[in-house]
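[1] Quick one, structure for this:
(2 chains)
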Amino acid sequence: MRKILIVEDEPAIAENLQALLAARGYEVSWVSDGSEAVAKARQLRPDLMLLDVMLPKLGGFDVCKLLKNDEATKKIKVIMITALGRMGDVETAFANGADDYIIKPFESDRLFKKLDKVLGPS
Amino acid sequence: MAAFLLGAALGAAVAAGVGAWLERRRRERLGRYLAFGAHELNAPLTALTMTLSNLVGGIFGDVPPALLPWLRSSREQVARLSALTGQLRDFVHLELDGNFNQVLEPQAGEELLQRAVAAVEAGFAQSAVPLAVDCPRELPAVRADPDRTARELASLLHHARKLRSSGPVSLSARAADGFVEYAVAFEGPALEPGEAERSLGLYYPGRKSHALRATGFGLGLSARLLEREGGGFALRVEGTRHTLVMRAPLAPAK
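    Alright, predicted model coming up:
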């Protein structure tokens, strides 16, 4: 079973994502801040992280950069969750090693397409 | 005397320059403030969108059938709210803080159309307005900001539903001259000469009187956004026949 780690500080979004992805057959975990995300990624080694940009303690870009520069975690795929129109977010995400991005608010079919693109069809 | 005049002219020039600089700073600060607020709306909108989608999709379990139309309608209203928030954010970035950004990528021409239709179909059904869609099977891919472009096409459909006086709203798509053209046509109000052109002004919805009732942030903003993507927008009004044409450039061949 493929493992996804959600990094999102808004519980209402994280819990919806958890339910949606679990229903699609993924094993899902959730953390709510950047420091916890790094620790959990090292421990869990998920196949993919859904990583919000704006996070407490350590921002999403820094989390991505840390993990992509670490031999133990660099293969974890990262999809950054960003906001449409925020100047430079997408470029910064790719510059920090992200594999793709998704823009808030998003519908489930759009998220599934991104997951299939990055992970391959489930 | 000449020295005095020169001094006065220099003083006026400096005062004008400082005034312009202060005004620019005020606008930028206002832009950053409004953009921050608009971005803050994203989290609750995302949560609402997902909750309603999960309920409609049965992710949280079976929903009584009688509730489904209400949930679908609520989901569409939240999508409309998201679209308006997105337009507000784009307006602020375009007009106030200069931080406008877009990501253009290949997008299936038909998928863009389907996403726009999905965003409005509950409203058409609820108000018993027929929506006739004519899309060829082999519509080529376009180069567009996928979220923003589908949102703008949905806004045009929303505009048509609101302003339609009778008959169906039709949505058609075709490829021509390096673009995919999406045309939304309907019977609406007859307009005074020049009103259609005026309605494409960015601040048209803010005018004290406007014969063509604006929806959302107006057609002028949609036109600006589509032009920024390398496409375009046109409004044709012949008698009571209104046609809104959105153009998206074809994606480069791989």
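[2] Packing partners of the longest helix seen in chain B?
    Counting residues, the longest helix found in chain B (DSSP state H) is helix B:2-40. With contacts defined as 3 or more CB pairs under 8 Å, 6 or more residues apart in numbering or on different chains; DSSP states H and E, helix B:2-40 has these neighbours: helix B:68-92. All C-beta atoms are positioned from the backbone trio N, CA, C, and that covers glycine.
[3] Okay, buried residues for the helix it packs on please.
    Neighbour-count burial for helix B:68-92 flags B:71-72, B:74-76, B:78-92 (criterion: 16 or more other CB atoms under 10 Å in any protein chain shown).
[4] Is the helix or strand following the longest helix of chain B positioned near chain A?
    With elements assigned by DSSP states H and E, the helix or strand that comes after helix B:2-40 is helix B:42-56. Yes: judged by CB under 8 Å from any CB of the partner chain, helix B:42-56 comes into contact with chain A at B:42-47, B:49-51, B:53-54.
[5] any idea which of those has the most stuff around it?
    B:M50 (26 neighbours; other CB atoms under 10 Å in any protein chain shown).
[6] So which residue is dead centre in the chain?
    You didn't say which chain, so I picked chain A. A:L50 (1.5 Å; CA atoms, centre = their mean).
[7] you looked at the wrong chain, it should be chain B
    Central residue of chain B (CA atoms, centre = their mean): B:E152, at 3.7 Å.
[8] what's around B:M1, how many residues?
    Should you count by other CB under 10 Å, B:M1 turns out to have 5 residues around it.
[9] circling back to that earlier point, who are the contact partners of the residue nearest to the centre of chain B?
    Listed by CB atoms under 8 Å, 6 or more residues apart in numbering or on different chains, the contact set of B:E152 reads B:222, B:225-226, B:246.
[10] wait, which of those is closest to chain A?
    Nearest to chain A among those is B:L225, at 10.3 Å by CB to the nearest CB.
[11] Doesn't that closest one belong to a helix?
    Yes: counting by DSSP: H, G, I helix; E, B strand; the rest coil, B:L225 is part of a helix.
[12] which SSE is the closest residue to A:E8 other than its chain neighbours in?
    Leaving aside its sequence neighbours, A:E8 sits nearest to A:A14 (CB to CB, 6 or more residues apart in numbering or on different chains; 4.2 Å). Taking DSSP H and E as the definition, A:A14 sits inside helix A:11-23.
[13] Keeping just the C-alphas, turn that helix into CSV.
    Presented in CSV, the C-alpha positions along helix A:11-23 are these (Å, rounded to 0.1, in the frame of the first residue of the first chain):
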residue,chain,number,x,y,z
PRO,A,11,-7.3,20.3,10.4
ALA,A,12,-10.4,20.7,8.3
ILE,A,13,-8.3,20.4,5.1
ALA,A,14,-6.1,17.7,6.5
GLU,A,15,-8.9,15.5,7.7
ASN,A,16,-10.8,15.8,4.4
LEU,A,17,-7.6,14.9,2.5
GLN,A,18,-7.0,11.9,4.8
ALA,A,19,-10.6,10.6,4.3
LEU,A,20,-10.4,11.1,0.5
LEU,A,21,-7.0,9.5,0.1
ALA,A,22,-7.7,6.6,2.5
ALA,A,23,-10.9,5.9,0.5
